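Q: coordinates only, sequence not included:
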């Protein structure tokens with residue numbers, strides 16, 4: 001198995017550890033907790049329904065009823081996904097009378113999606 005993987009990935013012919021590079025990397029590496037939080041954030045983007053919700057929110061601040069209609073989903077399913085997005089600080093909400101309106105939490109959300117789209121469209 002190892003030989004099969006080695007044939008697919010170019011590897012060094014000999015083992016030589018470059019200590020000066022490892023020192024630089026270890027100084028720059030974020031704390032394990034930050035890396036965990038970052039990986040958790042990217043997991044949120046791993047669901048196409050949540051991505052679709054974000055695309056709707058790129059255009060307008062909307063309530064759950066609007067999102068459900070726009071995405072042809074139940075309000076319950078949309079609410080479940082909004083809860084995840086809100087918990088991860090990607091969307092925010094505000095109450096207006098009996099309605100609760102959702103919007104993007106900040107401009108970083110659009111930037112993350114835009115950069116992802118650029119990446120997949122490069123190929």
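A: It's in. It should be emphasised that the depicted structure is a prediction, and the values quoted were computed from it without experimental measurement. Residues are numbered from 1 along each chain as shown.

Q: In three-state terms, label the residue of the chain most remote from its centre for me.
A: Going by C-alpha atoms, centre = their mean, the residue of the chain most distant from its centre is residue 14, 37.8 Å out. With DSSP: H, G, I helix; E, B strand; the rest coil as the basis, residue 14 sits in coil.

Q: Next one: the nearest residue to residue 63 once chain neighbours are set aside from residue 73, what distance?
A: Excluding the flanking residues, the one nearest residue 63 by C-beta to C-beta, 6 or more residues apart in numbering is residue 99, at 4.8 Å. Yep, even glycine has a C-beta here, placed from its N, CA and C like the rest. Per C-beta to C-beta, to the nearest Å, residue 99 is found 18 Å from residue 73.

Q: cool, and residue 58?
A: On the measure of C-beta to C-beta, residue 58 and residue 73 end up 18 Å apart.

Q: the more surrounded of the two?
A: residue 73 (18 against 13; other C-beta atoms under 10 Å).

Q: Helix, strand, or coil at that one?
A: Secondary structure for residue 73, judged by three-state DSSP, is coil.

Q: what comes up buried for the helix or strand harbouring residue 20?
A: Here residue 20 sits within helix 19-28, counting by DSSP states H and E. Within helix 19-28, no residue qualifies as buried by neighbour count (16 or more other C-beta atoms under 10 Å).

Q: ditto for stretch 44-64
A: 44, 45, 50, 52, 53, 54, 56, 57, 61, 62, 63, 64.

Q: so where does the residue lying closest to the second one once chain neighbours are set aside fall, helix or strand?
A: Of all residues beyond its chain neighbours, the one nearest residue 45 is residue 51 (6.6 Å), with distances taken as C-beta to C-beta, 6+ apart. Secondary structure here is read from DSSP H and E; on that basis residue 51 sits in helix 48-59.
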